[in-house]
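Peer 1: this is a predicted model, with the sequence first.
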Number of protein chains: 2
Amino acid sequence: MNERDALRALAVDLPYAGDDAAVVGDTVITTDMLHERTDFPAGTTRYTAGWRAVGASLSDVAAMGAEATAAVAVYADASFDEGDLDRFIAGAVDVCAAVDAEYVGGDLDTHEEFTTASTAIGSVTDAGVVERSGTRPGDALCVTGEWGRSAAAVRLFKRGDEASIERANDLFRFTPRVADGCALAGTATAMMDSSDGLARSLHQLAEASEVGFELDREAVPVHPAVDDVIGGAGEVGEVGGAGEVGGAGEVGGVGGAGEVDGETDERFELAAHFGEDFELVCTVPDEAVADIRRACPGGLVRVGRVVEAAAGVTADGEPLPDRGYTHGDG
Amino acid sequence: MNERDALRALAVDLPYAGDDAAVVGDTVITTDMLHERTDFPAGTTRYTAGWRAVGASLSDVAAMGAEATAAVAVYADASFDEGDLDRFIAGAVDVCAAVDAEYVGGDLDTHEEFTTASTAIGSVTDAGVVERSGTRPGDALCVTGEWGRSAAAVRLFKRGDEASIERANDLFRFTPRVADGCALAGTATAMMDSSDGLARSLHQLAEASEVGFELDREAVPVHPAVDDVIGGAGEVGEVGGAGEVGGAGEVGGVGGAGEVDGETDERFELAAHFGEDFELVCTVPDEAVADIRRACPGGLVRVGRVVEAAAGVTADGEPLPDRGYTHGDG
């Protein structure tokens, strides 16, 4: 079984195993493991790693519409450099502070590869949790934030120069959408975070809620950093440049051929398929969008609508492939 | 820095980082990572691994004197065999049920070495939490359970025959002392669990409370399985048998020479230094021991007393070395 199938098998046995976090009484709890090789490209500082590892769990709390309370993390490495550890903890402390939660420690473990396991807990508000399964045709499909920032960061890390790496680190330190999640609780009919990318998130929501989605590609808010890393605009061709028409790019086989169409495709690929943006994907009754948008500090943009399951998940009328970033299978 | 020094550095910065679990409002939270190579000897079933991984975190909740509420775990492996995963989850579910907590899921991750990260949460009772720092000279030193069971299990795993491995798995599935911890809350003046062994636990309590300890070696309750794995009593010499006087044994350089003294030393070594028994080590006002003992289902035995810091940590009048099982440095 790959990770995804195994997760599916897991969901059969455990309540909430298929949701972003488990609910125990008034508490939500969620845990994630990240590894140097798959999750922290060369150049990722320990400060960024601490921020991102703990942020990933806080994002799951946000996706339930709960308030974030606290987080812990295991820091595992081959050796313990005090400076590295301090920086990791500083990142963890700061991302918690950014969402009014408290970083309360964790454990150390000796391990060959730098690995972190973070857990966050949160409190269910009076509005209750938002699961993945509650939306119905007619609801508006909305997202927070700007998409593709992690994809852009990974490309900047690969460039390897100091300025690119600094910018990549900045992009990697996302703000978990806890405030937005809490604002959406009670109004959103279904919600999840976008760890596996927008496309895959839509397929997951569609499966959980037994609906379909019509996505409007142009409406997806794309992070400005994406435009800086795609195509042949003065950049040294790290994704297939002009002449390599149809050449497999680095992310999911998208070729950037220097053409306008190629760039559009690549832009959407990075924004919708790469994943790891930790934004919220949610559905909201159509008439509530305008009001709820004002309550979301991370922004809330309507990117499509919920349709009948039979219509499937489409983008601009074409089937949207259930393809994204999955640890371990590509 | 080794893991222990790093943990010490960590404790300076974070509240409760030096305790068994962090306290956030009325919730305690604790997290641990375990690896196949260091924590699960060959022969450990996935059911036992799930039990033990989650049990280790529940034991930390117990050590705070809190009620266990729920646990989650990350299951990381090179591939996901549905049977393995089911068995791991069954172990996690069952150890939670054993302490009236709920296993509520977790995450999967692709990783070369089988690795788990478990997190447990608990509720602080009206009696409040028990920290490591509250004991004073004159208190009785007490422990729950029987000691050396994990040491015996590790030796049984090494034998490799089916019966030994089955028994080793049984020994590895300890009952987290949550009921005992809750009973002790409000009475115990300091408490921790014994992951690093009795000797090291005493040094940690001594440091946190600024006291010393007098341990009575004979009073330490030793698990019967220890006697089955030590010395030359019909066992094929996996620890130095007769004739290897002073030969380095497998645990911490203790030689079992087939002599009565050698066996006594080895017995104490396995019970007090090997660690990973997940029993509680606590201090209780002398006059309260008899009453509180009756409230502890795991048993509570007086094994010594708290003395002034200047007297250090001694066993039968001799300094007790601060030596135990530490992941990564031996």
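Peer 2: Perfect, I can see it now.

Peer 1: quick one: the strands in chain A?
Peer 2: For chain A, the strands defined by DSSP state E occupy A:22-24, A:27-35, A:67-77, A:102-110, A:115-123, A:140-144, A:190-193, A:211-215, A:280-284, A:300-308, A:313-315, A:318-319.

Peer 1: dump those strands to a markdown table, plus mean pLDDT.
Peer 2: As requested, the strands of chain A are exported to a markdown table (pLDDT from 0 to 100):
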| stretch | mean pLDDT |
| --- | --- |
| strand A:22-24 | 93 |
| strand A:27-35 | 95 |
| strand A:67-77 | 96 |
| strand A:102-110 | 90 |
| strand A:115-123 | 97 |
| strand A:140-144 | 98 |
| strand A:190-193 | 97 |
| strand A:211-215 | 98 |
| strand A:280-284 | 98 |
| strand A:300-308 | 98 |
| strand A:313-315 | 98 |
| strand A:318-319 | 97 |
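
Peer 1: can you lay out those as TSV showing distance to A:A163?
Peer 2: Using the backbone N, CA and C atoms, a C-beta is placed for each residue, glycine as well. As requested, the strands of chain A are exported to TSV (distance: least, C-beta to C-beta, whole Å):
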stretch	distance to A:A163
strand A:22-24	41
strand A:27-35	25
strand A:67-77	27
strand A:102-110	29
strand A:115-123	26
strand A:140-144	28
strand A:190-193	30
strand A:211-215	34
strand A:280-284	31
strand A:300-308	30
strand A:313-315	34
strand A:318-319	38
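
Peer 1: so which of the ones you listed is nearest B:D109?
Peer 2: Of all the strands of chain A, strand A:27-35 sits nearest to B:D109, with 4.2 Å by C-beta to C-beta.

Peer 1: that closest one close to chain B?
Peer 2: Yes - among the residues of strand A:27-35, A:T27, A:I29, A:T30, A:T31, A:D32, A:M33, A:H35 lie within reach of chain B under C-beta under 8 Å from any C-beta of the partner chain.

Peer 1: on that earlier part again, nearest to B:R302, out of the strands of chain A?
Peer 2: Closest approach to B:R302 among the strands of chain A (C-beta to C-beta): strand A:102-110, 30.7 Å.

Peer 1: now that closest one - C-alpha only, CSV.
Peer 2: Extracted C-alpha coordinates of strand A:102-110, given in CSV (Å, rounded to 0.1, in the frame of the first residue of the first chain):
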residue,chain,number,x,y,z
GLU,A,102,1.9,28.2,23.2
TYR,A,103,4.9,26.0,22.3
VAL,A,104,5.4,23.9,25.4
GLY,A,105,8.4,21.7,24.6
GLY,A,106,8.8,18.2,23.4
ASP,A,107,11.4,15.5,23.1
LEU,A,108,14.8,14.9,21.6
ASP,A,109,15.8,11.8,19.9
THR,A,110,19.0,10.6,18.2
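
Peer 1: just to revisit the earlier point, got JSON lines for the strands of chain A, with mean neighbour count too?
Peer 2: What follows is the strands of chain A, written out as JSON lines (neighbours: other C-beta atoms under 10 Å in any protein chain shown):
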{"stretch": "strand A:22-24", "mean neighbour count": "21"}
{"stretch": "strand A:27-35", "mean neighbour count": "26"}
{"stretch": "strand A:67-77", "mean neighbour count": "27"}
{"stretch": "strand A:102-110", "mean neighbour count": "24"}
{"stretch": "strand A:115-123", "mean neighbour count": "30"}
{"stretch": "strand A:140-144", "mean neighbour count": "26"}
{"stretch": "strand A:190-193", "mean neighbour count": "26"}
{"stretch": "strand A:211-215", "mean neighbour count": "24"}
{"stretch": "strand A:280-284", "mean neighbour count": "28"}
{"stretch": "strand A:300-308", "mean neighbour count": "20"}
{"stretch": "strand A:313-315", "mean neighbour count": "21"}
{"stretch": "strand A:318-319", "mean neighbour count": "10"}
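
Peer 1: so which of those comes closest to B:E276?
Peer 2: Shortest distance between B:E276 and these, using C-beta to C-beta, is found for strand A:102-110: 14.2 Å.

Peer 1: counting contacts, what elements does that closest one pack onto?
Peer 2: With contacts defined as 3 or more C-beta pairs under 8 Å, 6 or more residues apart in numbering or on different chains; DSSP states H and E, the packing partners of strand A:102-110 are strand A:67-77, helix A:82-98, helix B:3-13, strand B:22-24, strand B:27-35.

Peer 1: quick one: residues contacting the residue lying closest to A:D94 once chain neighbours are set aside.
Peer 2: Ranked by C-beta to C-beta, 6 or more residues apart in numbering or on different chains and with sequence neighbours excluded, the top spatial neighbour of A:D94 is A:W51, at 6.2 Å. Shown in contact with A:W51 (C-beta atoms under 8 Å, 6 or more residues apart in numbering or on different chains): A:G91, A:A92, A:D94, A:V95, A:F172, A:R173.

Peer 1: now for those residues: which two are most distant?
Peer 2: Taking every pair in the contacts of A:W51 and measuring C-beta to C-beta, the maximum separation is 14.0 Å, between A:A92 and A:F172.

Peer 1: which one's more surrounded, the two?
Peer 2: When neighbours are counted by other C-beta atoms under 10 Å in any protein chain shown, A:A92 comes out ahead of the other of A:A92 and A:F172, with 29 against 26.

Peer 1: now the more buried one: how far from A:T116?
Peer 2: As for A:A92, its distance to A:T116 is 9 Å (criterion: C-beta to C-beta, to the nearest Å).

Peer 1: need the residues touching each of the two.
Peer 2: Counting by C-beta under 8 Å, 6+ apart, the shared contacts of A:A92 and A:T116 are A:G50, A:A53, A:A73.

Peer 1: state the distance from the closest residue in space to the second one that isn't next to it in sequence to B:M33.
Peer 2: In this case it means A:A53. Across the structure, with C-beta to C-beta, 6+ apart as the measure, the residue nearest A:A53 apart from its sequence neighbours is A:T116 (4.1 Å). When distances are taken as C-beta to C-beta, A:T116 and B:M33 turn out to be 9 Å apart.

Peer 1: next: A:N2.
Peer 2: Distance, A:N2 to B:M33, by C-beta to C-beta: 23 Å.

Peer 1: what are the phi and psi values at the residue positioned nearest the centre of chain A?
Peer 2: The centroid of chain A falls nearest to A:F278 when counting by C-alpha atoms, centre = their mean (2.6 Å). Here the main-chain torsion angles of A:F278 (degrees, to the nearest 10) amount to phi 50, psi 40.

Peer 1: out of the strands of chain A, which is closest to B:V229?
Peer 2: Judged by C-beta to C-beta, the one of the strands of chain A that comes nearest to B:V229 is strand A:102-110, at 26.5 Å.

Peer 1: who does the closest one pair with, and is each partner parallel or antiparallel?
Peer 2: Each strand that strand A:102-110 pairs with, and the sense of that pairing, follows from DSSP bridges: strand A:67-77 (parallel).

Peer 1: noted, bye for now.
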